[in-house]
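Q: the sequence isn't on hand, but the structure is:
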């Protein structure tokens, strides 16, 4: 799933259209917003949600029906249950993101690619959590609960930061200003931090260390690609307000970087 801090920007070409003198990265980001923000795309959002729903159903059937019938012993039932809970929590959060927070069009390619990743991830993590690949990786109550707690923390930070910004921008006196309050005092891209943390916890519950490339790849993308592109746009739009906030606030990881 891809949600950026541009999610809750107000609609209107006046705010997003590339202007002469804009840095190239900012112009590119503004052009993207011009093509996505305006109008509704309930069809592609519904498609995304349907694909992820099918993925969650497939994960449930795989660990509760297919693997037992195939004679595969689940050596970590607690971890599997928590992993399934992660899938359902993600599914519920996705509904809030798609149908309340995400105020832009979703191109069909993005809808299919992102939702397929989310669906495949849900199935993969839940199946691996049974210990099918590493039968010796049995339940450990404390580490399983710790991993689930990390997942819950990341989910809260990601979704609640987006909700805070949405509510903040609905205040008339905040129009045209950059949201720097609430969780946004902790990091410029605090929502990205939440994404990385939740996938880190989910990876730990999967019981497969080699899946750590997923949260690491997300952090790299947010740090070197998606984040800088958005920064250029926000600096152009908000000027000194964004520059001062960026200079005095952590970038993605609160209190660290």
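A: Everything's here; your move. Fair warning: this is a prediction, and the values are worked out from it, not measured in the lab. Numbers count the residues shown, from 1 in each chain.

Q: rest of the way, CA atoms for contacts and neighbours
A: Noted.

Q: where does the stretch 1-150 of the chain have low pLDDT?
A: Along the stretch 1-150 of the chain, segments meeting pLDDT under 70 span 1-41, 70, 134-137.

Q: so where do the helices sit in it?
A: For the stretch 1-150 of the chain, the helices defined by DSSP state H, counting those that start in this stretch cover 13-16, 24-36, 42-61, 67-69, 77-96, 108-128, 141-169.

Q: pull out the buried positions in the fourth one.
A: Along helix 67-69, these residues count as buried under the neighbour rule (16 or more other C-alpha atoms under 10 Å): residue 67.

Q: so which residues make contact with it?
A: Where contact means C-alpha atoms under 8 Å, 6 or more residues apart in numbering, the residues beyond helix 67-69 that reach it are 73, 74.

Q: how distant is it from the center of its chain?
A: Between the centre of helix 67-69 and the centre of its chain there are 32 Å (C-alpha atoms, centre = their mean, to the nearest Å).

Q: go on, stretch 67-81?
A: Here stretch 67-81 shows a centroid-to-chain-centroid distance of 28 Å under the convention C-alpha atoms, centre = their mean.

Q: ditto for stretch 94-107
A: Averaging C-alpha positions (C-alpha atoms, centre = their mean) puts stretch 94-107 12 Å from its chain's average.

Q: one step back: could the helices of the stretch 1-150 of the chain go into CSV alongside distance to residue 195?
A: CSV is the format used below for those (distance: least, C-alpha to C-alpha, whole Å):
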stretch, distance to residue 195
helix 13-16, 26
helix 24-36, 21
helix 42-61, 17
helix 67-69, 30
helix 77-96, 11
helix 108-128, 12
helix 141-169, 6
